[in-house]
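Student: Next comes the sequence, and after it the predicted model I'd like to discuss.
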Amino acid sequence: MYPSQHLFIGIVFSLILFFIFPTIGILGATIVALSSVLIDVDHYFYYLIKKNDFNLKNSYKWYNEKIKKIFTLPKEKRLEYYHGAYILHGFEVLFLLSLLSLISPYFLFILTGFNLHLFLDTISDYQNYTKSYKYSLFANLIYSKKLKSFD
């Protein structure tokens, strides 16, 4: 799913949350919306490590090229490929945010945005016949050794 799609859905979701639970405030709703897309900063970190290039535009182009290559494959073959290690896309970070939310509600807002993002990624993976192993960093590292790479 593209960042613009995550942002749009994050904004709509945050507005709904705000109207149902106005006590979260505008700041809380904004944090939910932004965190639902900013979780993808780990894609940029992955690109930095793989390509040793700090250019954000190049990163975006590189991912778009990878997506195009993936979608040229038959649906059954897409599951054979590894998409990258994304450190924020896993239960380890969600667990940490859950603990931190006991200290401050702002972490709960971030946790909510991250969960929304991962839920949308799960739907996208299902619809596109891809599997990104984004549910655990450790599982990602283990399963990735068995898969092919587009890098």
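Tutor: Received it, and whenever you're ready, just let me know what you need. Not measured: the values here are computed from a predicted model. Numbering: from 1, shown residues only.

Student: switch to C-alpha atoms for all contacts and neighbour counts from now on
Tutor: Will do.

Student: Quick check, central residue of this protein?
Tutor: Among the residues of the chain, D40 comes closest to the average C-alpha position under C-alpha atoms, centre = their mean, at 4.9 Å.

Student: In contact with it, which residues?
Tutor: Contacts of D40 were listed using C-alpha atoms under 8 Å, 6 or more residues apart in numbering, and they are P3, L88.

Student: tell me the SS of S36?
Tutor: Each residue gets one of three states, and S36 gets helix by DSSP: H, G, I helix; E, B strand; the rest coil.

Student: coming back round to it: and the residue nearest to the centre of the chain, how far from L100?
Tutor: D40 sits at a distance of 20 Å from L100 (criterion: C-alpha to C-alpha, to the nearest Å).

Student: just N128 next, same as before
Tutor: Distance from N128 to L100, counting by C-alpha to C-alpha: 34 Å.

Student: okay, how far is it across stretch 118-137, tip to tip?
Tutor: 13 Å.

Student: Distance from the chain centre to that stretch, please.
Tutor: On the basis of C-alpha atoms, centre = their mean, to the nearest Å, stretch 118-137 is displaced by 9 Å from the centre of the chain it belongs to.

Student: Mind listing residues that contact it?
Tutor: Counting by C-alpha under 8 Å, 6+ apart, stretch 118-137 makes contact with 1, 6, 75-76, 78-79, 82-87, 89-92, 139-140, 143, all of which sit outside it.
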